[in-house]
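Peer 1: I'll drop the sequence and a predicted model, then ask my questions.
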Number of protein chains: 2
Amino acid sequence: MFESAELGHSVEKAVYDQEVPALREALLNAQFDLGAAKKFPVIILIAGLDGAGKSETANTLNEWMDPRFIQTHGTSEPSDEELERPHMWRFWRQLPPKGRMAIFDGSWYHWPIYQRASGRIKNPKMDQALDEVRRFEQMLIDEGALVLKFWMHLSKAAQKKRLKKLEGDPLTRWRVTERDWKHFEMYDTFQEIAERTLRHTSTAAAPWIQVEAVDPRYQKLTVGKTLLEHLRLRLEHPVPPAPVQAPPSLPSLDGLSILKSLDLGQTLDKADYERDLERYQGKLNLLLRDKAFGEHNVILVFEGVDAAGKGGAIRRITQAIDARFCHINPIAAPTEEERAQPYLWRFWRNLPRRGQVAIFDRSWYGRVLVERVEGFCGEGDWMRAYGEINDFEEQLVNSGGIILKFWLSISLDEQLRRFEERQNSPFKRFKITEDDWRNRGKWDAYQTATCDMLDRTSTEIAPWTLVESEDKRFGRIKILKTLCQRIEAGL
Amino acid sequence: MFESAELGHSVEKAVYDQEVPALREALLNAQFDLGAAKKFPVIILIAGLDGAGKSETANTLNEWMDPRFIQTHGTSEPSDEELERPHMWRFWRQLPPKGRMAIFDGSWYHWPIYQRASGRIKNPKMDQALDEVRRFEQMLIDEGALVLKFWMHLSKAAQKKRLKKLEGDPLTRWRVTERDWKHFEMYDTFQEIAERTLRHTSTAAAPWIQVEAVDPRYQKLTVGKTLLEHLRLRLEHPVPPAPVQAPPSLPSLDGLSILKSLDLGQTLDKADYERDLERYQGKLNLLLRDKAFGEHNVILVFEGVDAAGKGGAIRRITQAIDARFCHINPIAAPTEEERAQPYLWRFWRNLPRRGQVAIFDRSWYGRVLVERVEGFCGEGDWMRAYGEINDFEEQLVNSGGIILKFWLSISLDEQLRRFEERQNSPFKRFKITEDDWRNRGKWDAYQTATCDMLDRTSTEIAPWTLVESEDKRFGRIKILKTLCQRIEAGL
């Protein structure tokens, strides 16, 4: 796989000096066009062995282009903040917005490769990790990103020569550590793992590009020219929309649906409600103070039609939790900054640390509900979102998250009653807008989208709980009770 | 995930009888249009628990449409023929050509699910298997197939009721075996595995469609209508070509390439040649008669420019092998039947059993060589082929295959000399055509394509061997020697 990157490629200084000015100008122009159009981000990965000129190449790209619009990220040890989130959190934080570039030195490949090399994981687990990486990159590409992956290669002989040369010079001797020689002894192991990695993650949309790392001039010019070619081509050829495809909904033959099957007549009288409220709020408070909770966090998703009682249900939960350990995220239309990122980005940025509770009042499911129904995103976009959301939630669960997703259901009549009540109350009038009335007209479309969502995202690791909320008391207690049960089971 | 498929969906007989005639007519028309256009195949998977009406549904689809153009495949125990090939071989054999449909009852999901349920594999290995399945289905989709995946679901209560009912009737009692009750006891385990499977393999292009299996009328009408909708939509909206993208080749900065770096001046004199020929042919013969070879097979790929000496090299190998255990596949333009299938199909069909040697005189690499250079396939097609080929070869290796890939290299001058020699020899004149002369004009384009191929498909599990063939004797011995070494290492 690395044959072409072991030929001793080099570029003479005169040639380099002649080529660089034109390349810089072209790269700067392309970078300007990228920033002006703000249509897609550019994600550049620079991976490979230690000492293969990764950071030097990153520095050169920064030097050649306008560094204000390039973020460069190393793969140092994760911070304590990062250790308390899913492994990919740190990379989500670092994603560039549309119109900008980011360079990742090491990147999300670092972890699987080093885990495998150290023997801590075997091939099946490594393949699992690489598959996750493939899906992540596919999501970036589907969201419009240009992803360029460079693998910097040194042959074993070249690597040895480099280390010897550094050691032989008193001025550079300090740069060669015992660790460097240890890694050198593992060269063959690393290469085998690297080959497997490249083989499993080289896709048509994001192929690996192997670059020989012996001669820095050759290496830099190759990366610069390749970047320019890909950038120019993408600026000139925007990605076309996904092919037309039938949505995943079943034909409605008998009028039955999971939402219609709910028994909305269930009620709870006031005395029972107050007794249960006290009981489950107390239990919740105790559970969250359990020592074992320090290894977990709780992520709550609330979805439902307007006026279904999300706010009231959330308050009954937060009443039981120390406010320092609980954060509510009310989700409205995305900000400008959020629109320049993959749609899941704004949820990743608000993931809680361990020992915390994060409440999402509306959530990432907006993609397959409001965005689908209102046409805010393409058909291909919401159709792929089910899988992306399942992947996202799997990462949350794998890092200790306990996810609960509540769908609050009321009837069309009850919604009308609550709307009118709101309009007639001076304290609640602000809660009702034109949009709410308009959404009522799309009731059926929202019901279809909701049923599809439940079918495709109620998984064994993160099931939906359907909450009959016609009677607010009944709904709130069902939520609190479910929450206590799931946390208890999860600890 | 199965909530909507546990609602007790049903369709009354009167409704069914009224709907079916129109549906049948529409399905027949769509089937006719599919067959007339011959643009894509339709692959229908019907999976789910035992007793969930899978075969009944398949039979109904056959009844409703013209069964001459539908192949239906069960997932019975693999034959001894199938056991000696990679696991997916049986399914490749069963793929429908463009314009036709195939129904798979069980399909490629059967193996991972049952292996996991029996505890023979754990989640990482199951995920590995599911990832393979995803890639296989993505390949089918990229090759144009319409893939529809139905999951037939019965709730635990419905499953129990069904078994009890069968047992209660003396006429059907025999249908309920001990195995059925054993599987019933494992219901929860199966469901959990099914959920994981569906979650990992439901993609935007091929989402799972869950169908409740309690009422056969509901089940059949749902499948029929869904099939019709997808079929009609695809007939009306052909899949657009892949987005424009830069090819994976590096810019040529110093003129070096892996092909140019070969030392074509290497020769072998006649005496040494004859000695080595005898030695390695003898060794090869012995190796292939080794008992351990019964667990393996050898797959040889020969590629190279015209007149590079592939035929002569192949003869030196076959001379050493019992003809009953060796099959040569000369690869020319695909037949009409082959063009109606994914491009790898014609190689899958010729995979050897264990204990056999298969020689491919040109191969699947035509996709990234002649098809790329001559524009016989789209840019997106050959760019994704590198990954597909690596996946293919991984499956060969995993099932005991020893793959050797030889690239025979000669200079442009030597090619001219051989062409002229052929033209002037009455015995060899037939070996040279107009095409050969025309291809010489595209020498550089072929060299670029070859270098990309070597970089992207010379893997740790199936490396390329570059053979300096300017001197035929040198080349032939290098091939024989490499062959013996690799077989020896592989046994």
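Peer 2: Done, it's in. Numbering: from 1, shown residues only, chains lettered A, B, ... in the order given.

Peer 1: Do you have the strands of chain A handy? List them.
Peer 2: For chain A, strands defined by DSSP state E occupy the ranges A:42-48, A:70-73, A:101-105, A:146-153, A:208-212, A:297-304, A:326-330, A:357-361, A:401-409, A:464-468.

Peer 1: which residue ranges form the helices in the stretch 101-250 of chain A?
Peer 2: Ranges of helices in the stretch 101-250 of chain A, per DSSP state H, counting those that start in this stretch, are A:110-117, A:123-142, A:156-168, A:178-185, A:187-201, A:216-236.

Peer 1: got those helices as a markdown table, with mean neighbour count and mean pLDDT columns?
Peer 2: C-beta coordinates here come from the backbone N, C-alpha and C atoms, glycine included. Output for the helices of the stretch 101-250 of chain A, formatted as a markdown table (neighbours: other Cβ atoms under 10 Å in any protein chain shown; pLDDT from 0 to 100):
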| stretch | mean neighbour count | mean pLDDT |
| --- | --- | --- |
| helix A:110-117 | 18 | 90 |
| helix A:123-142 | 19 | 93 |
| helix A:156-168 | 14 | 89 |
| helix A:178-185 | 12 | 86 |
| helix A:187-201 | 19 | 93 |
| helix A:216-236 | 20 | 96 |
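
Peer 1: do you know which of those helices lies nearest A:Q210?
Peer 2: Checking those against A:Q210 by Cβ to Cβ gives helix A:187-201 as the closest, at 7.7 Å.

Peer 1: Please write out the alpha-carbon positions of that closest one in CSV.
Peer 2: The C-alpha trace of helix A:187-201 is given here as CSV (Å, rounded to 0.1, in the frame of the first residue of the first chain):
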residue,chain,number,x,y,z
TYR,A,187,7.5,-0.2,13.1
ASP,A,188,6.2,-3.4,11.4
THR,A,189,3.3,-3.7,13.9
PHE,A,190,2.3,-0.1,13.3
GLN,A,191,2.5,-0.6,9.5
GLU,A,192,0.3,-3.6,9.6
ILE,A,193,-2.3,-1.7,11.7
ALA,A,194,-2.0,1.3,9.4
GLU,A,195,-2.7,-0.8,6.4
ARG,A,196,-5.8,-2.3,7.9
THR,A,197,-6.9,1.2,9.0
LEU,A,198,-6.4,2.7,5.5
ARG,A,199,-8.0,-0.3,3.8
HIS,A,200,-11.2,-0.1,6.0
THR,A,201,-11.6,3.7,5.9
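
Peer 1: Point out the other helices and strands that that helix packs with.
Peer 2: Helices and strands touching helix A:187-201, as assessed by 3 or more Cβ pairs under 8 Å, 6 or more residues apart in numbering or on different chains; DSSP states H and E, comprise helix A:110-117, helix A:123-142, strand A:146-153, helix A:156-168, strand A:208-212.

Peer 1: Out of the ones you listed, which gets nearest to B:V298?
Peer 2: helix A:123-142 (23.9 Å).

Peer 1: close to chain B, is that closest one?
Peer 2: Yes: on the criterion Cβ under 8 Å from any Cβ of the partner chain, helix A:123-142 is in touch with chain B at A:P124, A:K125, A:D127, A:Q128, A:D131.

Peer 1: Not counting stretch A:453-464 itself, show me its contacts.
Peer 2: For stretch A:453-464, the surrounding residues in contact (Cβ atoms under 8 Å, 6 or more residues apart in numbering or on different chains) are A:248, A:258, A:365, A:368-369, A:386, A:389-390, A:393-394, A:396-397, A:403, A:405-407, A:466, B:1-5, B:191-192, B:195-196, B:199, B:202, B:207, B:210.

Peer 1: for stretch A:252-272, same thing?
Peer 2: With Cβ under 8 Å, 6+ apart as the criterion, stretch A:252-272 contacts A:276, A:409-411, A:414, A:447, A:450-451, A:454-455, A:466, A:468, A:470-471, A:473-474, A:477, B:3-4, B:7-11, B:15, B:218, B:221-222, B:225.

Peer 1: Now with 7 Å, please.
Peer 2: A:409-411, A:447, A:450-451, A:454, A:466, A:468, A:470-471, A:473-474, A:477, B:3-4, B:7, B:9-11, B:218, B:221-222 (Cβ atoms under 7 Å, 6 or more residues apart in numbering or on different chains).

Peer 1: For that stretch, list every residue counted as buried.
Peer 2: Of the residues in stretch A:252-272, those buried by neighbour count under the rule 16 or more other Cβ atoms under 10 Å in any protein chain shown are A:L253, A:D254, A:L256, A:S257, A:I258, A:L259, A:L262, A:L264, A:L268.

Peer 1: Give the rounded mean pLDDT of it.
Peer 2: Stretch A:252-272 shows a mean pLDDT of 93.

Peer 1: now do stretch A:455-473
Peer 2: pLDDT averaged over stretch A:455-473 gives 95.

Peer 1: I'd assumed A:E470 was in contact with A:E414.
Peer 2: Yes: the pair A:E414 and A:E470 qualifies as a contact (Cβ atoms under 7 Å) at a distance of 5.3 Å.

Peer 1: Pull the number of nearby residues for the closest residue to A:A320 other than its chain neighbours.
Peer 2: Distances taken as Cβ to Cβ, 6 or more residues apart in numbering or on different chains place A:Q281 nearest to A:A320, at 3.9 Å, with adjacent residues excluded. With neighbours defined by other Cβ atoms under 10 Å in any protein chain shown, the count for A:Q281 comes to 17.

Peer 1: Repeat that for A:K431.
Peer 2: A:K431: 15 neighbours (other Cβ under 10 Å).

Peer 1: Equivalent analysis for A:G119, please.
Peer 2: With other Cβ under 10 Å as criterion, A:G119 counts 8.

Peer 1: What number of residues are in the vicinity of A:Q415?
Peer 2: A:Q415, neighbours per other Cβ under 10 Å, totals 19.

Peer 1: Next one: the nearest residue in space to it that is not next to it in sequence from chain B, what distance?
Peer 2: The shortest distance from A:Q415 to any non-neighbouring residue, by Cβ to Cβ, 6+ apart, is to A:A307 (5.4 Å). Distance, A:A307 to chain B, using Cβ to the nearest Cβ, to the nearest Å: 24 Å.
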